[in-house]
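**Q** Requesting a structural model of the entry that follows:
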Amino acid sequence: MSHRSPSSYEVDPPPPYDSSPRPQPSQSTEDTPLLLGQTANKRRTARLGSAWLRIVLLPIGALLLATLLAQNVGLVPCPLNDVSAARKARWRGEWRLEEERHHREAEAWARERTAHGVALKAWEEERKIHDEERDAWHKQWEEDRKARDAEEEGWRKRREEEQKAHEAKREEWRRQREEEELHRLEVLRRSQGGGALPPTTTTTLSFPRLMHAVLPRGAYDHKVNIAIKEDSEGFPHDTNAYIVYEQR
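**A** Residues are numbered from 1 along each chain as shown. Reported below is the predicted structural model:
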C-alpha cells in the first residue's frame, strides 16, 4: 500500500457512461423466477377471461339475434309491443292511403310545375318580343322626331328668309311709292302754275298712314295733304291727293 499525502485524498471521478454495464439483447427482465411466475399468472387470467366471454356472451348474443329476427318475421310476439294485429293492419292501411295520396299530390305538383314552366317560358318569349317591338318603336319614334325637328328647322329657316325677302320687297315698294308720289305732286303743282322746287326744299314723308309735303315759304305757303289707302297687307293701294293753297 503506497503512502499518500493528505492532499492526495480526493474523490475519484465517476466512470464514463460508456463503461456502465448494459443488458444484452438476449437477456430479459422476466428471466427471474418471481417475474416468470407473475407473467404466467397474468397470461392464465387473460385466457380464462376470454374463454368466459366466449362461453357466456356468444350464446346470449345469438339468442337475442334469433329472437329479434323471429319478432320481425312475426313468429314470436314482442312483450314490449301491446298493440293488436288488427290495429296494426288498420294503421298500415292508413299509412298506405296517406302514401298514395302524397304520391298523387306529388304528381299533381309536378304537372303544375311543368305547366308553370311552359307558361313562364311563353311569357318570357312574349316579353322578349314586346321588348323588341318597344325598342323598334322607340327607335322609329326617335328617327321620326329627328326628321320632324329637321323639317321644322328647315321651315323656320325658309320662313325667316321669306320674311326677310318680304320686308326687303316692302321697303323697296315703299321707296318706289314715295318717289312716285313726289313725282306726281311735282307734276300736279306745275300743272297748276307753280314753279320748280328750289334745291333747298325739304320734304317730310310719313308712310303708310299720312304723308305731308311741306314746301318752302314764299308768297304762298303751299300745304299738301295726301290721304293713303292701304290693302290688307299694309301696302299702299289707292292714293287721292289734293292740294290746298293758303295765302299768307
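**Q** so what does the longest helix along the chain touch, helix or strand wise?
**A** Looking across the chain with DSSP state H, the single longest helix is helix 85-191. Judged by 3 or more CB pairs under 8 Å, 6 or more residues apart in numbering; DSSP states H and E, helix 85-191 is in contact with strand 210-214, strand 220-230, strand 236-247. For the C-beta atoms, the positions are set from N, CA and C on the backbone; glycine is no exception.
**Q** What is the burial count for T67?
**A** 13 (other CB atoms under 10 Å).
**Q** thought it was touching P77?
**A** No - contact criterion CB atoms under 8 Å: T67 and P77 do not qualify, at 10.7 Å.
**Q** what about A122, how many neighbours?
**A** 10.
**Q** In terms of pLDDT, where does it sit?
**A** What the model reports for A122 is a pLDDT of 95.
**Q** Distance of it relative to L69?
**A** 58 Å (CB to CB, to the nearest Å).
**Q** what about the protein, any weak spots by pLDDT?
**A** Scanning the chain for pLDDT under 70 picks out 1-49, 79-82, 194-248.
**Q** mind redoing it with 80?
**A** Scanning the chain for pLDDT under 80 picks out 1-54, 71-85, 193-248.
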